[in-house]
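J.: Take a look and give me a structure for this.
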Amino acid sequence: MANAERKTAKDWILRFWNWRGRNYVLILLFFAAWFFFLSPNTLFTQIRARRENREMKRMREFYQREIKHNEEEIARFKNDGDFVETYGRENYLMKKQNEDIYLYVEE
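T.: Just a heads-up that it's a prediction; the model follows:
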């Protein structure tokens, strides 16, 4: 009795092909495959594009902060002579004619 009720894969396939709703299932599977793998705008492409968009927004905010910082520094260079001297001494090791500079390097 168990053998008579046991269904094989072939029985399931034949039963599916004889079922009325198979066309709907096949069409649904086709469109799912198209959406996920075959379309130029697949789900994976959309996820990658969103990730790149977030990264670009972060970069834009970073560069806007850098631009603002540089504009403030340019304004200080134009208006503050002492700042120019201090900046040159600290970053470019510039010195006056009669000065000696000693650098302490930590190892």
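
J.: And the helices in this structure?
T.: With DSSP state H as the criterion, the chain has helices at 2-5, 9-18, 22-33, 43-79, 81-92.

J.: Report the mean confidence score over stretch 99-107.
T.: Average pLDDT, stretch 99-107: 82.

J.: Give me the contacts around it.
T.: 93, 95 (CB atoms under 8 Å, 6 or more residues apart in numbering). Backbone N, C-alpha and C define where each C-beta goes, glycine included.

J.: Between the two ends of it, what distance do you get?
T.: End-to-end distance for stretch 99-107: 26 Å, by CA to CA, to the nearest Å.

J.: Make 794 the starting number, not 1.
T.: Noted, 794 is the first residue going forward, which turns the last one into stretch 892-900.

J.: Tell me, how many residues neighbour residue 851?
T.: 10 (other CB atoms under 10 Å).

J.: same deal with residue 876?
T.: 13.
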